[in-house]
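Enquirer: Below is the sequence, then the predicted model.
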Amino acid sequence: MKPRTMGRHFRESFKSLHRNGLMTFAAISAVTVTLVLVGFFMITMLNVNKLASDVEDNVKINANVDLSANKTDKQQIEKDLQNLNGVANVTYSSKENELKKMVKAYGDSFELFEQSNPLHDVYVVEAKTPSDVDQVAKAAENVKNVDSVSYNAKTVGKVFDVVKWVRYIGVFLIAALLLTAMFLISNTIKIAIYSRRTEVEIQKLVGATNGFIRWPFLLEGAWIGFLGAIIPIGLTWAVYYQVYKFVMPSLASTYYSLLPVGQMVGIVTITALAIGIIIGMVGSILSIRKFLKI
């Protein structure tokens, strides 16, 4: 396509946006609202996935030492655990230390056990990969002088159940919002075509191709999508920056974190622009196909 022809298509698309100002504003507003909601759903879904990944990566296995085990037995337990396939690290925690953790987590009511501590000494075992956790836990149960083994498998399972449902709900709502925005854009383009029907008919009579007629409307849809994406990008960045700044200090002492602001903004920017332009052009195509009967 010649640059002059492309320039003409751009000018026509701008004129049409101005000519149908009210419907253009409605379509841009629909895209804006849609992409704001899509942006917030993305923030939620990506960070839920990040949390699930952090939980999965930090599953620890507690190997409780038999109460009758002596110092030599404990040293042998540590060696046996370290020699298990899939083990990355083994750390010892005395029953006194375990009681302190209980008091810190659940309150002073556990201090009454200080005189007769019923807890076990524990070896905390970290697996090399999340997929190794189950086999390491089963193998640790068979180590001599290990009384029992526990790890938060049920918690991990619940986290992943929540992630699954968040994904399903998010995908459904995003799809519904995108279809609504596409419908409004399609109607905007239909009105633009109708207001220029005489011009379009003359163009067809003098031999203009469908592609030549289609281009200004495609560009109009793309502009609607592009303009509708600008506010969501800025709003998403501003809100996520404040959320990140507020939440991260409380997560500093844990294994969990939110996605960095720069990474999140990059993902949202690319996604919002792509979705906005695509739904704008698809909405235009749907209108043009019906009008031109192609």
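Expert: It's in.

Enquirer: all helices for the stretch 151-294 of the chain, in order.
Expert: Under the criterion DSSP state H, counting those that start in this stretch, helices of the stretch 151-294 of the chain are mapped to 153-195, 197-205, 210-251, 261-292.

Enquirer: Please state the offset of the helix or strand containing Tyr92 from the chain centre?
Expert: For Tyr92, the host element (DSSP states H and E) is strand 87-93. The chain centre lies 32 Å from the centre of strand 87-93; the measure is CA atoms, centre = their mean, to the nearest Å.

Enquirer: mind listing what's buried in the helix or strand following that strand?
Expert: Following strand 87-93 in sequence order, the next helix or strand is helix 95-106 (DSSP H and E). Buried residues in helix 95-106, counted by 16 or more other CB atoms under 10 Å: Lys95, Glu98, Leu99, Met102. From N, CA and C alone the C-beta is placed, and that goes for glycine too.

Enquirer: so which one among the residues you listed has the lowest pLDDT?
Expert: Lowest pLDDT among the buried residues of helix 95-106: Met102, with 73.

Enquirer: In JSON lines: the helices of the stretch 151-294 of the chain, plus distance to Ser16, mean neighbour count and mean pLDDT.
Expert: What follows is the helices of the stretch 151-294 of the chain, written out as JSON lines (distance: least, CB to CB, whole Å; neighbours: other CB atoms under 10 Å; pLDDT from 0 to 100):
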{"stretch": "helix 153-195", "distance to Ser16": "5", "mean neighbour count": "16", "mean pLDDT": "75"}
{"stretch": "helix 197-205", "distance to Ser16": "11", "mean neighbour count": "12", "mean pLDDT": "74"}
{"stretch": "helix 210-251", "distance to Ser16": "5", "mean neighbour count": "18", "mean pLDDT": "87"}
{"stretch": "helix 261-292", "distance to Ser16": "11", "mean neighbour count": "19", "mean pLDDT": "83"}
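
Enquirer: Could you dump those helices into JSON lines and include distance to Lys60?
Expert: Supplementary listing: these in JSON lines, determined by distance: least, CB to CB, whole Å:
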{"stretch": "helix 153-195", "distance to Lys60": "11"}
{"stretch": "helix 197-205", "distance to Lys60": "68"}
{"stretch": "helix 210-251", "distance to Lys60": "18"}
{"stretch": "helix 261-292", "distance to Lys60": "27"}
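
Enquirer: what about those helices, which gets the closest to Leu17?
Expert: Nearest to Leu17 among those is helix 210-251 (6.0 Å), distances taken as CB to CB.

Enquirer: tell me the angle that closest one makes with helix 153-195.
Expert: For helix 210-251 against helix 153-195, the angle by axes from the mean of the first three to the mean of the last three CA atoms, to 10 degrees is 150 degrees.
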